[in-house]
Structure formats: C-alpha cells, structure tokens
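1. Sequence first, predicted coordinates after that:
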Amino acid sequence: MKIYVVVAVLTLALSSVTAVSDREVSLSAELEVTERPSHRSRALVASTSTSFVSSLKKPPNSDKYHTKPVRVIQARVQSDAPIWNETTKTFGSKYYNTAEEQFRGALDTVNTASVEGALMYVQAEGINYNTRSEEDRCWRKNGMQYVVFYDIVFAQTNETVAEYESEYGPMLPMDGGQCTPISGTNVFSKECVSLNGNASVLNLGPFIGGESKETDARAPYPHCWWYSFPNNCPLQKWANKTEECRASTRQGLCDMDTLPDGISCTYNYRILGYVPIDDAVGITAMTNKATGEKYANFTEFCEVGGVEFQASEAGVWNASIPFWKNPQNATANAARTEKLLSAYANLLKTNKSSQIESTVVKQMLPLPTVAELTAGNPPCYFNVKDCDSEFGCKREHYGQMCILCNSTATGCVPPPENFTFPTLQKTAALTAGATTRSTASSLVLGTGVALVSLALSSLMA
C-alpha cells in the first residue's frame, strides 16, 4: 500500500478552486469541520456528539497556502490510565497536576498506531512468554494494560510534503518523550534533527510520521500503521525539557483550543476513552478455579499457571487463550480488531469494568464511524498530488489514508476537470543566525499563477 500526501489547496482566486462541487465546498475554510449526513458503516456505538475539531479556532497567519487538517482515530498501548480533568472535561496524563500539563503530557513526542497497529504491537511484542524472562512473564512488556483511543486532527508541514511527497514523513521511534538516538544519548538520525533542523539538515518542522506494519510475520494485521507525533524540544526526554528548549523549537501539539495548520502547530487531540486489555482478551471473564472468582487481571491469571500467549520468536503459535489463536492469519487478526472495538463499545454500553470506575466510564465517548470521518475530511485530490488523476482517490478506515482509485468505485472522488494540484518548493538548511521556529517556502500553481511567498513557522507504551 502506498501512503499519499495529505496537502490542501486553498482558494487562490482561481476558477479551478471556486468551481469545486458541493462536497468540497462543505469543508469550509480551514476544515471548520461540518460533518455531512452519511450512511453509518459498522457503527459499534451510535456517535451523536459533534467532533471536537469544530470547536477549535484557526490560528491567524498571512500565508496563502498550507495543508488542510485531517481527522483520524488512532490508539496507544499504555501502562497508565488517562485521568479525567473535570475543569477541561478532557482526559490527560495522570503524571501531571495542571490541566495544561495533563493535556500536553498525553501526546508529547510519542508514538501512536492505527487501532489495528495497537493490537499488533501487543501481540507481536508484549505478550509472548517465550520472549520474556521467567521473572517477567506475569508482567506484559512495559506494563501494557490499556488500549487508549485518540481522536486526532493533524496538518502536515509544507516542508515535509515537499521533501517526502507523502501524507506522512518517516515514522520516528520515540522513547521517554525523545526522538530515539541512533547511538548513545545524543547522536540522532537526520530525520530526528530535521524536526527543527540545523546548518546541515533541512528544517522540516514537527512532522507527523507514519509507517506500514502490515507485513510483520508475527502478526500480519491489515491496515496496520505506526505513527510518530513530535512536539517541541523533541531531542530531550520529558525530564529534561526546559521551558527555554520548548520555546526555542517548533510546536507540534497545538494549544488545546487551536486548530493545526502545519505552521504554528501540527496536531491536536482528545482522548475518547480506553479499554483494559484484560477485558478485551477475555481474561477478566475467566474464573479462577482456586477462588471461584473471576480473575482480577493478567498477573493473577498468570501466577496460577495461565498462559495468555506462547509462540516462537517468529510468531509460530504454541499455546494461548482463545482470543489470540491463529496469530499469523491476517483474517483472524482483522477479526481480533473487531473484537477490541466491540469490547470498547460494550464498556460504554454497560458502564461495567472490574478495572475502571463507572464514574470514569461515563466520561468516555464512542468512536465516530469511518463514514463520519470521511464525510468531515477534505477529499483526497484537494490534498494529494497523486489523487489529481482520472479516478481520484478514496479515504479508508480510521486512519483515513488516501487510496488511489483505478475505477469509479464507491468512495472514489475524482477532481474537477479544471483542477490542478500545486507544486511545493523544497526548504533549505538553516543559515547562520536563522531561528528554528520558522522557514520559508514557495508554491507554483500549474495553471500559470505566479510564485506565492509562504511564511511557515512551523508508542505507544
């Protein structure tokens, strides 16, 4: 599968843009998301609330072109449960005290995944008895305990689009709030450095990275992606991120009330809710024969000899609970994803979990349907050069990837005949005395419009 660039074309007094259909016009300026009526596909829980994206304010800027925001649903596998903040009415990180810190701390230079990618991570790296020492077998890798669902809106930097010609830049491993060094503690890849650039490395800004993990032999999941979301000060761990460092580097995570534009910031989010892995895989529904009670958690199940999952390092199955059978079968893995989504939907429906207080569950929100996401997002040809083609592209799944069409299939949206996708000029490395907070780009419209100057200021567990 190929990832396609998600770049947006704003109206530049061209008939090619003003002549778009009603479907495009309904996006409105800067994706002030108007969720159009649509058929609900696989609605696990009826989604009735308006997207948080519609409440975000567009940051002021004077440029004529930047990427349009795209809304997606992603997930993280976490050892910690998010905390509910009654003042902001949002979930955040439990490791901080103020609302601002809680909001920043939950998605501050970290990796995420598609829903499928989160489950693949658990299966491939977190639960195999044969890859953990005996003393660690009753503790999942990194203390994995929850799958947390994130409602994310992002806008890629123009510099990234020009450099990689893709919807995403490369996925960068993040560890402890830091873009992971390739050697020691302070030797970084060119891609990590490019998040703010230096005299020899391009300043691409805090770009969103993405990489397909569909073909991992241990757990081949369809639509499996891992992502990276760098915030400011991305080369330092959380404990070492000073306010000075944060202020001197480009902002990835937007302020809570701000819509990303790929310049002032690149992403915003809300946590919809979370589900315990133990509930999703069925461990808390099993009876402990020694006590006659349901298992409280994985550790209790393991300590009495229970085996959640055992396979070779290559993923060949030996033994497991029913949920994890046929781990190398893509169809079985797709069904596992549906079971995870159903477990979350059932949690919201029943308001019952042995591991989450009912008062917390009441604050959780259902996932939107894929149809709702697609209806609220810009059509692909507006944002993706390769989709400026005969049959256009279509958006798919919770990740809302743009897939190139080769026929007039359902969901494929071709561009208007007089539409031309713009060409972005690549950025240059920083010069002496230049700030890391902004760069300049230009764009050339294929219809013959003159150059327009663009001012740009900018894993799970």
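-> Thanks, I have it.
2. Of all residues in the protein, which one is nearest the centre?
-> residue 74 (4.5 Å; CA atoms, centre = their mean).
3. I'd guessed residue 105 sits against residue 96; true?
-> Yes: using CB atoms under 8 Å as the test, residue 105 is close enough to residue 96 to be in contact (4.8 Å). In this view, the C-beta of every residue, glycine as well, is placed from N, C-alpha and C.
4. Which one's more surrounded, the two?
-> residue 105 (20 against 17; other CB atoms under 10 Å).
5. what residues are up against the closest residue to that one other than its chain neighbours?
-> Ranked by CB to CB, 6 or more residues apart in numbering and with sequence neighbours excluded, the top spatial neighbour of residue 105 is residue 93, at 3.2 Å. Applying CB atoms under 8 Å, 6 or more residues apart in numbering to residue 93 gives the contacts 80, 82, 83, 101, 102, 104, 105, 106.
6. Ramachandran angles for residue 93?
-> Dihedral angles of residue 93 (phi, psi; degrees, to the nearest 10) stand at phi -80, psi 130.
7. Ok, the one 10 residues further on next?
-> The phi and psi values for residue 103, taken as degrees, to the nearest 10, are phi -70, psi -50.
8. so what pLDDT did it get?
-> For residue 103, the pLDDT comes out at 98.
9. same check, this time on residue 456
-> Residue 456 is given a pLDDT of 29.
10. do the same with the one 4 residues further on
-> If you check residue 460, the pLDDT there is 51.
11. ditto for residue 451
-> 26.
12. swap in residue 421?
-> pLDDT, residue 421: 79.
13. show me where pLDDT drops low in the stretch 1-150 of the chain?
-> For the stretch 1-150 of the chain, the stretches flagged by pLDDT under 70 are 1-49, 64-65.
14. Next: the stretch 301-450 of the chain.
-> 430-450.
15. make it 50
-> 432-450 (pLDDT under 50).
16. Residue 200: neighbouring residues, count only.
-> With other CB under 10 Å as criterion, residue 200 counts 9.
17. Now do the contacts for it.
-> With CB under 8 Å, 6+ apart, residue 200 has these contacts: residue 429.
18. so who does residue 355 touch?
-> 276, 278, 279, 284, 296, 297.
19. go with 6 Å
-> Neighbouring residues of residue 355 by CB atoms under 6 Å, 6 or more residues apart in numbering: residue 276.
20. again, but for residue 195
-> Residue 195 neighbours (CB under 6 Å, 6+ apart): 206, 230, 234.
21. Would you map the strands across the stretch 101-250 of the chain?
-> Along the stretch 101-250 of the chain, the segments classed as strands by DSSP state E, counting those that start in this stretch run 110-113, 146-154, 174-175, 178-179, 209-212, 225-229.
22. now for the first one, which elements pack on it?
-> I take that to be strand 110-113. Applying 3 or more CB pairs under 6 Å, 6 or more residues apart in numbering; DSSP states H and E, we find strand 110-113 packed against strand 70-78, strand 225-229.
23. All the helices of the stretch 301-450 of the chain, residue numbers only.
-> Secondary structure of the stretch 301-450 of the chain by DSSP state H, counting those that start in this stretch: the helices cover 330-350, 358-361, 370-376, 380-383.
24. any idea how far stretch 374-391 is from the chain center?
-> In terms of CA atoms, centre = their mean, to the nearest Å, the centre of stretch 374-391 is set 19 Å apart from its chain centre.
25. Mind listing what's buried along stretch 70-80?
-> The neighbour-count check on stretch 70-80 (16 or more other CB atoms under 10 Å) flags 70, 71, 72, 73, 74, 75, 76, 77, 78 as buried.
26. Test my guess that the third one contacts residue 152.
-> When you say that, I think you mean residue 72. Yes: the criterion here is CB atoms under 6 Å, and residue 72 meets it with residue 152 at 5.4 Å.
27. Skipping adjacent residues, who's closest to residue 336 in space?
-> Counting by CB to CB, 6+ apart, the residue nearest residue 336 is residue 119, at 6.0 Å.
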